[in-house]
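[1] This is the structure alone, sequence omitted:
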């Protein structure tokens, strides 16, 4: 098993005829993931690497009973694409688009909550389930097997690149991943670390979770509260990047909208303290993930 995607995923790619989406489609198919349909208004009858293209999501649902969508469209069209997917019963949506207007993001996230839809992103590299060879997004590029091997460790990362790097660290430790998820670097996203921990808790194939975090947002503090309340009981190993920001003035933005320091909120030291207090294993150096993961899982198996 895994979370969110697997053998039951019936995938449609919205915006499939675009250059980036076409490349992602090719890599996804090469990995072994079944993409049943694509959608680009006005392009019905075409195909992208053998995937049939439709004008609307409704047509794709009627023809292929799709239930999972990858959205690769320009920022101005992202809200409409999400709305169309939700209106047609899609329950898992990955939004790779970045630079979406924040008001549009607020609207799409509200729609998702109202209709019990799970959104990953926006501004995400996607997610991957190596056991079932299912991936959504550019995650892993044209050779996912370099970093992503099947196993029992969940990976959550705000950074797209570090989703792969952290999964590779899991591989170097002698383990593999159940599901790796890039949640996106924006301050406004769909599923957060806390939300994913809830799913990983229920997944019998996930024995531990590793997270890669950055300055900004309250995602780690929310996750710590969830762990402390007993919502997540499996080992949690966390690394928080950006300790150089500790001395930066309040209000400094680091690279993207999610990395904003406001008072004590968003500082790596505060995140680390809250996670440690909740019982998580917080490492000070990134390469310590390997040793800590080996120790934690060996102790878990010995019980």
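    Sure thing, it's come through. The structure presented is a predicted model; accordingly, all values stated were derived computationally and were not measured. Residues are numbered from 1 along each chain as shown.

[2] where's residue 103, which helix or strand?
    Counting by DSSP states H and E, the element that carries residue 103 is helix 102-114.

[3] Next secondary structure element downstream of that helix?
    strand 118-120.

[4] Run me through the strand neighbours of that next one, direction for each.
    Partners of strand 118-120 in the sheet, by DSSP bridges, are strand 92-95 (parallel).

[5] before we move on, back to that, any idea how far the helix holding residue 103 is from the chain center?
    The chain centre lies 17 Å from the centre of helix 102-114; the measure is CA atoms, centre = their mean, to the nearest Å.

[6] Packing partners of that helix?
    helix 75-87, strand 118-120 (3 or more CB pairs under 8 Å, 6 or more residues apart in numbering; DSSP states H and E). Placement of C-beta: from N, CA and C, glycine included.

[7] deepest of these, which one?
    Comparing the helices and strands packed on helix 102-114 by mean neighbour count (mean count of other CB atoms under 10 Å), strand 118-120 comes out on top with a mean of 23.

[8] What segments of the stretch 201-303 of the chain are helices?
    Along the stretch 201-303 of the chain, counting by DSSP state H, counting those that start in this stretch, helices occupy 219-228, 268-278, 288-302.

[9] Please list the residues outside the shortest one that contact it.
    Applying CB atoms under 8 Å, 6 or more residues apart in numbering, the external contacts of helix 219-228 come out as 158, 183, 192-194, 197-198, 211, 213, 232, 236, 238, 240, 265, 270-271, 274-275, 277-280.

[10] now do the same end-to-end measure for stretch 82-92.
    For stretch 82-92, the first and last residues are 10 Å from each other (CA to CA, to the nearest Å).

[11] got it, and stretch 114-132?
    Using CA to CA, the distance between the terminal residues of stretch 114-132 is 30 Å.

[12] What mean pLDDT does that stretch get?
    For stretch 114-132, mean pLDDT is 97.

[13] List the buried residues for it?
    Judged by neighbour count using 16 or more other CB atoms under 10 Å, the buried positions of stretch 114-132 are 117-132.

[14] List just the nearest of these to residue 217.
    residue 123 (13.0 Å; CB to CB).

[15] Where does the closest one sit, in terms of helix or strand?
    Residue 123 is part of no helix or strand when elements are defined by DSSP H and E.

[16] Verify the contact between it and residue 184 for me.
    Yes - shown here, residue 123 and residue 184 form a contact pair, counting by CB atoms under 8 Å, at 4.4 Å.

[17] counting contacts, what elements does the host helix or strand of residue 21 pack onto?
    Residue 21 belongs to helix 19-31 when assigned by DSSP H and E. Contacts defined by 3+ CB pairs under 8 Å, 6+ apart place helix 19-31 against strand 11-14, strand 35-39, strand 47-48, strand 134-136.

[18] Would you confirm that residue 292 contacts residue 281?
    Yes - with contacts counted by CB under 8 Å, residue 292 reaches residue 281, the gap being 5.3 Å.

[19] Can you work out which residues contact both of these two?
    Listed contacts common to residue 292 and residue 281 are residue 237; contacts here mean CB under 8 Å, 6+ apart.
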